[in-house]
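how would this look folded up:
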Amino acid sequence: MKKTVLILLFQFSLLALVAQNRSNLLFTDDFTKLDTSNWVSEITPLPDSKVYCKDGSLFLDTKAGVTVWYKKPLTGNIRIEYTRKVLQEGNENDRVSDLNTFWMASDPRNKYLFTRNGVLESYDSLLLYYVGMGGNSNKTTRFRKYNGKGERVLLKEFTDSAHLLKSNKPYTITIDVKNNTTRYAVNGETWFEYTDPSVLKKGYFGFRSTKSRQSIDKISIYKLE
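Below you'll find the predicted structure:
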């Protein structure tokens with residue numbers, strides 16, 4: 001009896017949490033089309049590099065660097081959720097590497113952020129948090145903070161296979177910024193968490209990659225209490 005009550009309480013709490021997230025939904029996109037009123041793409045200008053939507057997914061299919069920015073700034077306590085795969089099916093740009101993300105990005109020198117060409121080094125002057133998941137041709141997974149002074153400060157790094165990429169595997173990514181802490185979770189497991197004395201509380205979110213083909217399913221952004 002006691003066990004049954006505990007299970008019911010847990011289920012009730014879970015349903016309440018889901019309901020709260022739904023009521024605090026700020027934005028969602030199921031990628032039936034690439035709506036340029038919501039997204040801007042910065043792509044290193046090389047042939048056969050493109051960003052497009054197909055069958056309810058956003059595809060990053062590029063020979064070099066790409067960032068796809070959500071065009072509205074995020075502020076305060078927020079959660080970002082989406083599912084993403086690195087594709088390996090014999091296509092030209094297929095490479096298992098660089099499931100990367102920028103969040104809370106801003107330019108200390110320019111109010112208009114979207115001025116770059118997809119080359120990673122062009123973002124060095126920004127303020128932001130960054131995870132490079134399966135970077136360096138799938139040898140490292142790193143969490144950094146860009147400090148706006150050209151320094152990419154390394155906060156934590158993994159090199160073990162459990163924290164590297166597997167081709168065609170769906171990864172559900174959850175990113176939280178709450179009070180002074182930001183968290184990056186993969187399939188429900190926290191990989192990175194950082195309490196920042198100079199927390200970034202306002203900025204832009206962007207999907208980031210280089211030389212690969214990746215699909216991204218529905219994204220949802222919530223306001224957290």
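
who's F59 bridged to?
Y52, S215 (DSSP bridges).

give the contact list for it.
Shown in contact with F59 (C-beta atoms under 8 Å, 6 or more residues apart in numbering): K50, V51, Y52, C53, R213, Q214, S215, I216. No exception for glycine: its C-beta is placed from N, CA and C like everyone else's.

Could you check how far it is from K33?
According to C-beta to C-beta, to the nearest Å, F59 and K33 sit 12 Å apart.

repeat for K111
From K111 to K33 the distance is 28 Å (C-beta to C-beta).

Looking at the two, which has the bigger crowd around it?
K33 (12 against 7; other C-beta atoms under 10 Å).

show me what contacts that one?
K33 makes contact with C53, according to C-beta under 8 Å, 6+ apart.

quick revisit: from the contacts of F59, which single one is nearest T141?
For T141, the nearest member of the contacts of F59 is Q214. The distance, counting by C-beta to C-beta, is 15.4 Å.

That closest one: neighbouring residues, count only.
24.

Can you report phi and psi for Y123?
Per-residue torsions, Y123: phi -100, psi 0 (degrees, to the nearest 10).

And the helices in the protein?
With DSSP state H as the criterion, the chain has helices at 2-23, 135-138.

From the contact counts, what lies against the last one?
Translated: helix 135-138. Contacting helix 135-138 under the criterion 3 or more C-beta pairs under 8 Å, 6 or more residues apart in numbering; DSSP states H and E is no other helix or strand.

Need the pLDDT of E225.
pLDDT for E225: 87.

Could you measure from Y194 over to L200?
11 Å.

which residues do the two both contact?
Counting by C-beta under 8 Å, 6+ apart, the residues touching both Y194 and L200 are Y129, K145, T182.

Return the member of those nearest to S41.
Distance to S41, by C-beta to C-beta, is smallest for Y129 among the shared contacts of Y194 and L200, at 20.6 Å.

which one is the most centrally placed residue in the chain nearest to, not counting chain neighbours?
When C-alpha atoms, centre = their mean is applied to the chain, the residue found nearest the centroid is T101 (3.7 Å). In space, and not counting its chain neighbours, T101 is closest to V131: 5.1 Å by C-beta to C-beta, 6 or more residues apart in numbering.

So what pairs up with that neighbour in the strands?
T101, F143.

circling back to that earlier point, neighbour count: Y194 and L200, which is higher?
Using other C-beta under 10 Å, the more surrounded residue of Y194 and L200 is L200, with 18 against 15.

what's the more buried one sitting at in phi/psi?
Torsion angles, degrees, to the nearest 10, at L200: phi -90, psi 110.
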